[in-house]
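Engineer: Using only what follows, build the 3D model:
(2 chains)
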Amino acid sequence: MITERLKKVILGELNLDDYYFQDSTTANLVPGWDSLKHIAILASIEKEYGIRFKSLEVIRLKNLGQLQELVARKVEEESERKGE
Amino acid sequence: MIFTSYTYVFFLMAAFLIHWSLPVAWRTPFLVAASYLFYCSWKWQYGFLLLGVSLFNWSYGRWVVSRRGSVFALFLGILVNLAPLIYFKYTLFLVSNAASVLNILSVTWHPRLSDIILPLGISFFTFQGIAYLVDVASGEQAFLDLRNFLLYKGFWPQLIAGPIIRPGEIRGQIEGERKLDYSGFSEGCRRILIGFFKKIVLADTLAPFVEMVYLPGAAPNAIDSAVGTLAFGLQIYFDFSAYSDIAIGTARLFGFVFPENFDWPYLSRSPREFWNRWHITLSYWIRDYVFTPMTFAARHRPKTVLFWLLLAMAICGLWHGAQWTFVLWGVWHGGLLVLNQTLLRKIFPVVGDSARGRNTFRGWIGTVVTFALVTLGWVFFRASSLDGAWEVLSSMFFLKGGLHRAVLRENAILVVLAMFLGLVTIQAGREMLPQWNGLLARLDPVKRILKPVAYVLLILAVIIFDKSAKAFVYFQF
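Structural biologist: Next up is the predicted model:
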């Protein structure tokens, strides 16, 4: 399930008003989401959530569901780190 | 052993019969043995190189990369994979260029260089090995069983010229039980037949015309250069997609489904789309293992992204061959991708926008412009030197000889144009297909009769045109 917050970041980068995202949605299906935009989207997500991806984490992403999972995991890791 | 040879047909038939008559547990080892026989039939000594690289990647992936998760270990593994490629493919290029630079700096150095025979398929199995280690480092499960890994790395249909397959795409098929049903068998045979037709009847017919124009010292006129370059664009498409058809078809006969490598690339409406449809597995490899890591590392400096795009495409060009012409071809495509994002953005429809843009005026303009730019780029790919590329390009742009031809005969020009028009017609028909569904459904009984007739004609054409087995263009890479 893609959260509204993540969806908003992605739509903002792609200059889209709306798009029906599902877990199985892949980048090549979304208008304007090419390999250049992909990096810009990842950077925006990092900024929005205050997290930092590693390149090996990013390489494996196959669809939006996996991106959502990664974001959730990084947010959790980040909050644990700050709590310590 | 070339795919389009009787030797290969016999090899394939024997392997097919033996494979499916063996107990399930023996099938994987049999395919590994058959693959090494296939590879060693060319130069047996290099079978040890393939085996050595495979053993390294299997053990390193299983015991080092998957456990330590360190970037340094991965980097080291990538270097070990690259070392044979650099030695066999780039030594002469690097040394001769270093000598040229030193000579410019007034340091005299004349290295004695002898030719190094390039192991078949080394560029492909090197990239596959790197993909394997990176994927394992990023969480993909390593192959535990050596037999399965040797098949992943060495399975002959994909060994020499791809498709470049990633572990996640094929693991289930290697480790699970493979089955052959009627549709798999017929699809496999159909793809192989189409591959034979494209290679022997189409690509090999065009090859001599291209050779005449691109032969050093040929001095072509504008019309020769234009037709010769158009012919090469068609030849390399038919040739390489034929190889992929035969590879995919062969794999189907053994119960494997390989990823597609071509998707009607000359229908692309933008350079960006072209790389989603041409040599797809290499394009995705470059995107995921070269471009994405580079741009990701520099993601907070977004202005540099177009530079990384150019660099990634230059690497893509260099991968094809150790010559500046290939680098230029890569840079040309990098430039087109940059223009696609900037100055020419308005011409080309947006990627991923499948509903809008297709079958519209803008879409067709995009297709024509993309085809023209891609075809122009083939000059760098085909020319044997920078001087040769310049000769062809300058004759085209300065309209050398007006409408008079100097190299190609009229019938050669007609054959090239006929093939081009044939491809355009098939492509346009394919685009219109959804609108004709009703009509096609009514023609089903006719199709049922025509299909076997068409296959028989294809087989006859292959037999008639088969003069001598010519190597595939991509075998040299």
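Engineer: what's the burial count for residue 83?
Structural biologist: Looking at chain A here, since you left the chain open. Each residue near residue A:83 was counted by other C-beta atoms under 10 Å in any protein chain shown, and the total is 6. Every residue, glycine included, has its C-beta placed from N, CA and C.
Engineer: my question was about chain B
Structural biologist: Neighbours of residue B:83 under the rule other C-beta under 10 Å: 12.
Engineer: now do residue B:215
Structural biologist: Residues near residue B:215, counting by other C-beta under 10 Å, number 14.
Engineer: Next: residue B:130.
Structural biologist: Using other C-beta under 10 Å, residue B:130 has 23 other residues around it.
Engineer: Report the contact partners of it.
Structural biologist: Applying C-beta atoms under 8 Å, 6 or more residues apart in numbering or on different chains, we find residue B:130 in contact with B:78, B:81-82, B:289.
Engineer: Of those residues, which are in range of chain A?
Structural biologist: residue B:289 (C-beta under 8 Å from any C-beta of the partner chain).
Engineer: Using neighbour counts, trim the contacts of residue B:130 to the buried set.
Structural biologist: Neighbour-count burial (16 or more other C-beta atoms under 10 Å in any protein chain shown) is assigned, among these, to B:78, B:81, B:289.
Engineer: Kindly list the main-chain dihedrals of the second one?
Structural biologist: Spelled out, it's residue B:81. Per-residue torsions, residue B:81: phi -70, psi -40 (degrees, to the nearest 10).
Engineer: Please report how far it lies from residue B:323.
Structural biologist: Distance, residue B:81 to residue B:323, using C-beta to C-beta, to the nearest Å: 22 Å.
Engineer: List the ones among the contacts of residue B:130 that fall in helices.
Structural biologist: B:78, B:81-82 (DSSP state H).
Engineer: re earlier: flag the least confident of the contacts of residue B:130.
Structural biologist: pLDDT across those is lowest for residue B:289, at 93.
Engineer: surely that residue meets residue B:131?
Structural biologist: Yes - the criterion here is C-beta atoms under 8 Å, and residue B:289 meets it with residue B:131 at 6.3 Å.
Engineer: ok, which residues in chain A are in contact with chain B?
Structural biologist: Going by C-beta under 8 Å from any C-beta, the residues of chain A near chain B are A:27-36, A:38-40, A:42-43, A:46, A:53, A:55-60.
Engineer: give me that answer again for 10 Å
Structural biologist: Within chain A, the residues that sit near chain B (C-beta under 10 Å from any C-beta of the partner chain) are A:14, A:26-40, A:42-44, A:46-47, A:53-62.
Engineer: Could you pull up the contacting residues of the residue nearest to the spatial centre of chain B?
Structural biologist: Taking C-alpha atoms, centre = their mean, the centroid of chain B lies closest to residue B:279, which sits 4.6 Å from it. Each residue near residue B:279 by C-beta atoms under 10 Å, 6 or more residues apart in numbering or on different chains is listed here: B:161-164, B:240-241, B:244, B:261-262, B:265, B:285-286, B:316, B:320, B:474.
Engineer: okay, residue B:351: pLDDT?
Structural biologist: 61.
Engineer: what's the answer for residue A:33, then?
Structural biologist: 88.
Engineer: among the residues of chain A next to chain B, which are in helices?
Structural biologist: Within those, residues falling in helices by DSSP H are A:14, A:35-40, A:42-44, A:46-47, A:55-59.
Engineer: Give me the buried entries from the residues you listed.
Structural biologist: The neighbour count (16+ other C-beta under 10 Å) marks A:14, A:35-40, A:42-44, A:46, A:55-59 as buried among those.
Engineer: Determine which two of those are furthest apart.
Structural biologist: Distance extremes for those: the farthest pair is A:14 and A:56 at 25.0 Å, using C-beta to C-beta.
Engineer: quick one: contacts for the residue in the stretch 1-150 of chain B positioned nearest to chain A?
Structural biologist: Per C-beta to the nearest C-beta, residue B:138 is where the stretch 1-150 of chain B lies closest to chain A, at 4.1 Å. For residue B:138, the contact set (C-beta under 10 Å, 6+ apart) comprises A:54-61, B:65, B:69, B:74.
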